[in-house]
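Enquirer: Structure, please.
(2 chains)
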Protein chains: 2
Amino acid sequence: MNFEQFVHSIPAWLSGEGPESGIVISSRARLARNIRGIVYAHRADDEQLAEVVGYVLDAAQFAGYDSCNFIRTDDLDELHKHILIERHLISTMMASKSGNRGVIFMNGELNSILVNEEDHLRFQSLRSGFDPLGVLNEVEALESAVARALNFSFSPRYGYLTACPTNIGTGLRVSVLIHLPALVLTKEIHRVIRSSSQLGLAVRGYYGEGSDVIGNLFQISNQRSLGKNVQELTRALESVVKRIIEYETQSAETLMEEAKNQTEDKIARSIGILKTARVLSTHEFMNLCSAVRLGCFIGFVDKNYVHILNDLLILTQPGHLGERYGLKEDAMERDYMRAELVRERFVDVKL
Amino acid sequence: MNFEQFVHSIPAWLSGEGPESGIVISSRARLARNIRGIVYAHRADDEQLAEVVGYVLDAAQFAGYDSCNFIRTDDLDELHKHILIERHLISTMMASKSGNRGVIFMNGELNSILVNEEDHLRFQSLRSGFDPLGVLNEVEALESAVARALNFSFSPRYGYLTACPTNIGTGLRVSVLIHLPALVLTKEIHRVIRSSSQLGLAVRGYYGEGSDVIGNLFQISNQRSLGKNVQELTRALESVVKRIIEYETQSAETLMEEAKNQTEDKIARSIGILKTARVLSTHEFMNLCSAVRLGCFIGFVDKNYVHILNDLLILTQPGHLGERYGLKEDAMERDYMRAELVRERFVDVKL
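Expert: Got it, this is the predicted structure:
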C-alpha cells in the first residue's frame, strides 16, 4: 500500500457529486456478519482471527475481488492507521487492537470489508451525495458476492447474529453525512435532533459515536437493525432525511431574507481567513469551511469550490498532514501546516 | 466650504511620514489664549462671542492668513460638524454649542484656530510622525503672528489665564497619537501608562479625554501647563515618548521571537478579513487595522500600506461615511458601508 498516494488522492465518496450534494456530503451503508462456528472477534485468539482472515480473503477472491488490497492493521504504524481512520476505512477501535485484523478495500475506497473489527465482517459502501438506497444496493451486492463462499451466523428468529446485540437482525447501519449550518444558526437543530430520535434515528458528530459536532456536520443513521427489513430501514431514514434537507433549505432562505448582510459577511470573511491564516486548528478550520459550504449552497460563492472543501476535509486531518509534512507531535505545528495547505488550495478562490 | 472634498482628501498630518511614523501617527500642540477684557466664552453672551470672532478674524487677516476659511459651527448641519470632529478641527464640545463659534484652518488643516471653544482662541498645529518640538514651533509661530493684533489675558505671576485652571500658565497641550499593539499584546501597557502618569503625562484613547482605547491607539499628552516653559514641557514629553517607542519596538521583537506564527497569523488574517468582510463595526475595523499596522512596522507586510490605514482612519468614521454614501441612522448600515469602502481600498493589498 502506497500511503503517499493517499495524501494526494481524495476518496470518490467525497467527489461532491450526487443528489442533494449541496447539503448531503455522503451516504453510507454497512452490514455486520459473523462466520458460523467461530467465536466473535473480541473473544477469539489470534489463531482464530487468522482463520477468519483466511476465510474472508478466500471468499473475496472467489467473488472476484482482488485480495492484494487487504491491509493488516498490525502492519501499520500509528500515522498510517490514522490515515485509514480519516478515510473511514477502519475505525478507531480497530486501530487500537493488535492481532489478525484488517481491511479489504476496492473500487476506489467506495466499497470495503473490515475483517475482525467488532464483527468478523463488516461490509461497507460509501457514495457521494444523498443516495441511501444506492449504497444499500451496493453493500448488499458486495455481501452476496462474498457470502457465496461463507456460512454466516443466522437465527431464523432474530436474523443475522452480531457481537453487539444492537446490530442483530439485518446487521445494517445506513447513514448520511449531512451539513446543516442554517439549522444550527437559526437554532432549529435541537428540534430536528429530537424529532429524528423519536423517529428511530441517531444523530451524531462527524466522527461517529460519541464524537462532537464539528463544522455543522452531522451523521444521521438508523438506531435499530431489527424488526424491519433493510429496504424498510433505509426508506425510513431516507424519508426523514428528505424532510431535514427541506428544513435546512428553508432555514437557509430565511437567513438570506432576514440576515443577508450578516450571512454573506460570515461567508466572505471565512474565505478571507482561509486564504490568509498562518495557524488553523481543526475546529476553526471546520467552522470556516462550513460557512463557505453554505455560501456554495446559497449561490453566494462558486459551487465548484465544494471540491476544495471536500478535498481538505480529508487532507487537513492530522494523519494526512503528518504524511505530507512529516509527523508533528505538537498540535501548534500541525495547525501551521494545516494553514499552509489550506492557503495553497484557496489561492485561486474568489468572491 | 466644500464638504465633498473632505470625504476624498486626507489631512496632511495623516500622511504616514515623519520621524518614527511606524509607531507615532501624529504630533499635535495647542495653545489656549483669551482676549483681555472679554468674559470667557462659556459665560459670554452671543454679542460678546461675536466681538471675539471679529477680533480674531481681523487679527488673522492682519497676520496674513486668509479669513475665508473660517467655518461658523452654527452654519453646519450635524453631519458636517461630525466631519470636522473626525478631522480633529473642532471638538465635540464645540459642536454641541450654538452661537458665534467656529474654526479657522490653514495650511491643509495642519494649523488651525478654534474660536470660542472653551477659550477665546485655541491655536493648534498637527504634523505626521513624531515631532513634538516641530509642532510646538509651528503653533508658537501661529500664535505670535496673530498675537500682534490682540491683547491676551496674562498674569505676571501665573502666565496666560484660561477658562479652565488646568490650562493656566503656558496654555500648552502637546500630544502624540501613538500605536502600541505589542505593548498591549504583551500586557506591558499598564506599566507604561502608570509610569507615564507618574512622569506627569496623561494617556488617553484615540478621541481624547474620557474616550476608550480603540485599535491600540493612545494619546499621550502633558498633564500640566504651569510651572515650566513650553520648551521644557515639550522636551519632557518627547523624552518619555522616546522611551515608550523603544519599549514598543522591543516588545514587537519579543513577539516575533516568541510567537512568530501567532503574530503573523493575526496580521495575515486581519488582512484577509479587511479584504472580504461585508459588515465592519468601528471597533473591529480599528483592531484589524492595528494588526496590519503592526505588520507594516515589523516588515511582515509592505510598509506602503500604512497610507491605506491612515486614509481609512478618517474615511471610515460615521460623518465621512455619511457624506460619501448618504446619511444612515442605522449603525448596521454604516457597518455595511464601512466594509464596502474598506474592501475597495484593500483590493490590491497582498501578503
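
Enquirer: Does residue A:284 lie in a helix or a strand, and which?
Expert: Taking DSSP states H and E as the criterion, residue A:284 maps to helix A:282-298.

Enquirer: Can you list the helices and strands that that helix packs against?
Expert: Applying 3 or more C-beta pairs under 8 Å, 6 or more residues apart in numbering or on different chains; DSSP states H and E, we find helix A:282-298 packed against strand A:172-179, helix A:181-185, helix A:230-258, helix A:260-276, helix A:306-315, helix A:331-346. No exception for glycine: its C-beta is placed from N, CA and C like everyone else's.

Enquirer: among the ones you listed, which is nearest chain B?
Expert: Evaluated over these, closeness to chain B peaks at helix A:260-276, with 3.3 Å, by C-beta to the nearest C-beta.

Enquirer: Sketch out the low-pLDDT regions of the stretch 51-200 of chain A for me.
Expert: Filtered on pLDDT under 70, the stretch 51-200 of chain A yields the residue ranges A:66-68.

Enquirer: Mind listing residues that contact the helix holding residue A:284?
Expert: Residues outside helix A:282-298 that contact it (C-beta atoms under 8 Å, 6 or more residues apart in numbering or on different chains) are A:22-23, A:179, A:181-182, A:206, A:214-217, A:252, A:255-256, A:263-264, A:266-268, A:270-271, A:273-274, A:280, A:301-303, A:305-306, A:309, A:312-313, A:316-318, A:338, A:342.

Enquirer: Can you go through these and name the buried ones?
Expert: A:22-23, A:179, A:181-182, A:206, A:214-217, A:252, A:255-256, A:263-264, A:266-268, A:270-271, A:273-274, A:280, A:301, A:305-306, A:309, A:312-313, A:316-318, A:338, A:342 (16 or more other C-beta atoms under 10 Å in any protein chain shown).

Enquirer: Could you check which helix or strand contains the spatially most central residue of chain A?
Expert: For chain A, residue A:88 is the residue whose C-alpha lies nearest the centre (C-alpha atoms, centre = their mean; 5.3 Å). In the assignment (DSSP H and E), residue A:88 maps to no helix and no strand.

Enquirer: just the helices and strands packed on helix A:282-298: most buried one?
Expert: Counting by mean count of other C-beta atoms under 10 Å in any protein chain shown, strand A:172-179 has the highest mean neighbour count of the helices and strands packed on helix A:282-298, with a mean of 25.

Enquirer: what about dumping the CA coordinates of that one to PDB?
Expert: C-alpha atoms of strand A:172-179 as PDB (Å, rounded to 0.1, in the frame of the first residue of the first chain):
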ATOM      1  CA  LEU A 172     -27.500  -2.800   8.800                       C
ATOM      2  CA  ARG A 173     -26.400   0.600   9.600                       C
ATOM      3  CA  VAL A 174     -27.300   3.100   7.000                       C
ATOM      4  CA  SER A 175     -26.200   6.700   7.400                       C
ATOM      5  CA  VAL A 176     -25.700  10.100   5.800                       C
ATOM      6  CA  LEU A 177     -23.100  12.800   6.500                       C
ATOM      7  CA  ILE A 178     -25.100  16.000   6.300                       C
ATOM      8  CA  HIS A 179     -24.200  19.700   6.600                       C
END
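
Enquirer: contact partners of it?
Expert: Residues from elsewhere that reach strand A:172-179 (C-beta under 8 Å, 6+ apart): A:23-32, A:130, A:132, A:135-136, A:167, A:206, A:215-222, A:225, A:230, A:233-234, A:237, A:241, A:244-245, A:248, A:290, A:293-294, A:297.

Enquirer: Which SSE is immediately downstream of the lengthiest strand in chain A?
Expert: The residue-count maximum for a strand in chain A (DSSP state E) belongs to strand A:24-33. Counting by DSSP H and E, the next helix or strand C-terminal to strand A:24-33 is helix A:46-62.

Enquirer: after that following helix comes which helix or strand?
Expert: Next helix or strand after helix A:46-62 toward the C-terminus (DSSP H and E): strand A:70-72.

Enquirer: tell me which residues in the helix or strand immediately after that next one in the chain are buried?
Expert: The first helix or strand that comes after strand A:70-72 along the chain, using DSSP H and E, is helix A:78-86. Buried residues in helix A:78-86, counting neighbours by 16+ other C-beta under 10 Å, are found at A:79-86.

Enquirer: Could you check how far helix A:78-86 is from the centre of its chain?
Expert: 14 Å (C-alpha atoms, centre = their mean, to the nearest Å).

Enquirer: In terms of secondary structure, what does it contact?
Expert: helix A:3-6, helix A:92-96, helix A:318-325.

Enquirer: TSV for these, including distance to chain B?
Expert: Converted to TSV, the helices and strands packed on helix A:78-86 look like this (distance: least, C-beta to the nearest C-beta, whole Å):
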stretch	distance to chain B
helix A:3-6	27
helix A:92-96	30
helix A:318-325	14
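
Enquirer: Point out the most buried one among those.
Expert: Of all the helices and strands packed on helix A:78-86, helix A:318-325 has the most neighbours on average by mean count of other C-beta under 10 Å, namely a mean of 20.

Enquirer: which other helices and strands contact it?
Expert: Using 3+ C-beta pairs under 8 Å, 6+ apart: helix A:318-325 touches helix A:3-6, helix A:78-86, helix A:306-315, helix A:331-346.

Enquirer: quick one on the thing from earlier: do you know how far the residue nearest to the centre of chain A is from residue B:222?
Expert: As judged by C-beta to C-beta, to the nearest Å, residue A:88 and residue B:222 stand 68 Å apart.

Enquirer: wait, what's in contact with the closest residue to residue A:155 other than its chain neighbours?
Expert: Closest residue to residue A:155 apart from its sequence neighbours, by C-beta to C-beta, 6 or more residues apart in numbering or on different chains: residue A:161 at 5.7 Å. For residue A:161, the contacting residues are A:34, A:153-155, A:168, by C-beta under 8 Å, 6+ apart.
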